[in-house]
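>>> Prediction below, plus the sequence it came from.
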2 protein chains.
Amino acid sequence: MPKPERIDPTDARLLLALTEHPRATTVALAEQSGLSRNTVQARLASLDGGAKLRSFERRVDPTALGYPLTAFVTTQVTQRRLDQVAEALAAVPEVLQVHGLSGETDLLVHVVATDADDLYRVAGQILGIPGVERTNTALVMRQLVDYRLTPLLRRAAEQ
Amino acid sequence: MPKPERIDPTDARLLLALTEHPRATTVALAEQSGLSRNTVQARLASLDGGAKLRSFERRVDPTALGYPLTAFVTTQVTQRRLDQVAEALAAVPEVLQVHGLSGETDLLVHVVATDADDLYRVAGQILGIPGVERTNTALVMRQLVDYRLTPLLRRAAEQ
DNA sequence: CCATTGATTGTGCATTCTGCGCAATTTCCC
DNA sequence: GGGAAATTGCGCAGAATGCACAATCAATGG
């Protein structure tokens, strides 16, 4: 059975190389990571094939798309209607991601907006979903630490 | 000043094509998006060069790396020490991202962990940072809506 | 201790792609 | 209407890809 394939040290090295040069060719990656070209080819295939890599969309910057505002909307939901609420949230384009938190009735909704008015509109839309009882919108003012996985990747690369 | 270059409809089409086939060659992208090869080349260069694309690390799945647990730690901080706290948080590998929320003293810390014990340890480490006054850890139980930007990309692609 | 399996490596080759330059449009904006 | 910027088509030398095959190498289990 195909276990949720783990990233081994070799994969980690490759991913670190890719992080520095995302559009690098196979041969370039090979010499940078100290592997043979064939190995890199095989690994890359399994990275894409397996569940080790998430969608490319994650690399697109919403700000550059015209949505410079990011907010997290915590939402309290009637437990019974969790799935319906999730479906309704998925229908809102500005909703990028929804986490179901411990507590069974709390959702963390990641949204973006073009400006303050737009955010207000989106927040209202969420509050209007049947089953949503309470919401609280927190605007992201600043990135104190930008997303990074490199430290963990490095740890994985060193065996 | 170099505007935070926007993604235009052409870019959006390209990005949608890339979302489907991240490792596609330039020519393949050209015919899929209906652009000329030269244009695709130029656009790709400006995507990487400009601030339109975020780091490749975002595509690496922490679960595959051995960190299947995700949690959000809301943190209340002594305002004066915001920067020091941010620095200390950045020193923790399991901290993937830190958002500064409206309210000036509230942080949203995105962390991962190998298991419950590990999460407990990381949470304790955050609470131990000088300047951190209160924390609240919410474990992500389920992805109600997986990260997706495609709806907004499509909107941008249609003019 | 040895056999088997799977991953890695080196090598080779035909095909395809890349990275450029250049000239001709086309598009967009003032 | 005019001018700048973007797009397009074309070509070419060099590089990379995809694939196959055989030889190592490492880990596993009998």
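Nice, thanks for sending it over.
>>> Does stretch A:151-159 reach chain B?
Yes: using Cβ under 8 Å from any Cβ of the partner chain, stretch A:151-159 reaches chain B at A:Pro151, A:Leu152, A:Leu153, A:Arg155, A:Ala156. Where you see a C-beta, it was placed from the backbone N, CA and C, and this is true even at glycine.
>>> check contacts around the residue positioned nearest the centre of chain A.
Centroid-nearest residue in chain A, with Cα atoms, centre = their mean: A:Arg58, separated by 5.6 Å. Contact analysis of A:Arg58 by Cβ atoms under 8 Å, 6 or more residues apart in numbering or on different chains lists B:Arg54, B:Arg58, B:Arg59, B:Tyr147, B:Leu149.
>>> ok, it to A:Arg121 distance?
25 Å (Cβ to Cβ, to the nearest Å).
>>> go on, A:Ser102?
30 Å.
>>> and A:Gln97, what helix or strand is that in?
strand A:95-101 (DSSP states H and E).
>>> That should have said A:Pro93, apologies.
A:Pro93 belongs to no helix or strand, assigned by DSSP H and E.
>>> out of everything not next to it in sequence, what's closest to it?
In this structure, A:Pro93 finds its nearest non-sequential neighbour in B:Pro151, 3.7 Å apart by Cβ to Cβ, 6 or more residues apart in numbering or on different chains.
>>> and what of A:Ala116?
A:Ala116 sits nearest to A:Leu69 (Cβ to Cβ, 6+ apart), 7.2 Å away.
>>> What is the burial count for the one you found?
18 (other Cβ atoms under 10 Å in any protein chain shown).
>>> list the contacts for it?
A:Val112, A:Ala113, A:Thr114, A:Asp115, A:Ala116, A:Asp118, A:Leu119, A:Leu139, A:Val140.
>>> Could you give the number of residues near the fifth one?
Counted with other Cβ under 10 Å, residues neighbouring A:Ala116 total 10.
>>> Show me the domain layout of chain A.
Chain A is divided into the following domains under automatic domain parsing: A:9-54, A:62-139.
>>> returning to what we had before: who does the strand holding A:Gln97 touch, helix- and strand-wise?
helix A:82-90, strand A:106-113, strand B:69-77, strand B:132-145 (3 or more Cβ pairs under 8 Å, 6 or more residues apart in numbering or on different chains; DSSP states H and E).
>>> now do 7 Å
helix A:82-90, strand A:106-113, strand B:132-145 (3 or more Cβ pairs under 7 Å, 6 or more residues apart in numbering or on different chains; DSSP states H and E).
>>> so where's chain A shaky on pLDDT?
Along chain A, the model assigns pLDDT under 70 to residues A:1-4.
>>> do you know which of the domains of chain A lies nearest B:Ser36?
Closest to B:Ser36 of those, according to Cβ to Cβ: domain A:9-54, at 18.8 Å.
>>> Distance from the chain centre to that closest one, please.
20 Å (Cα atoms, centre = their mean, to the nearest Å).
>>> how about that domain, does it get close to DNA strand D?
Yes: applying Cβ under 7 Å from any atom of the strand, one finds domain A:9-54 touching DNA strand D at A:Thr25, A:Thr26, A:Val27, A:Ala28, A:Arg37, A:Asn38, A:Gln41.
>>> which residue of chain A sits farthest from its center?
A:Ser36 (30.9 Å).
>>> what about the closest residue to it other than its chain neighbours, how many neighbours?
Computed as Cβ to Cβ, 6+ apart, the closest residue to A:Ser36 that is not its neighbour in sequence is A:Ala30, at 6.3 Å. The burial count assigned to A:Ala30 is 19, neighbours taken as other Cβ under 10 Å.
>>> May I ask which helix or strand encompasses A:Ala30?
helix A:26-33.
>>> rewinding a little: weed out the non-buried ones from the contacts of A:Arg58.
B:Arg54, B:Arg58, B:Arg59, B:Leu149 (16 or more other Cβ atoms under 10 Å in any protein chain shown).
>>> In a strand, A:Gly124, correct?
No: assessed with DSSP: H, G, I helix; E, B strand; the rest coil, A:Gly124 is helix; it does not lie in a strand.
>>> who in chain A is up against DNA strand D?
Residues of chain A lying near DNA strand D (Cβ under 7 Å from any atom of the strand): A:Thr25, A:Thr26, A:Val27, A:Ala28, A:Arg37, A:Asn38, A:Gln41.
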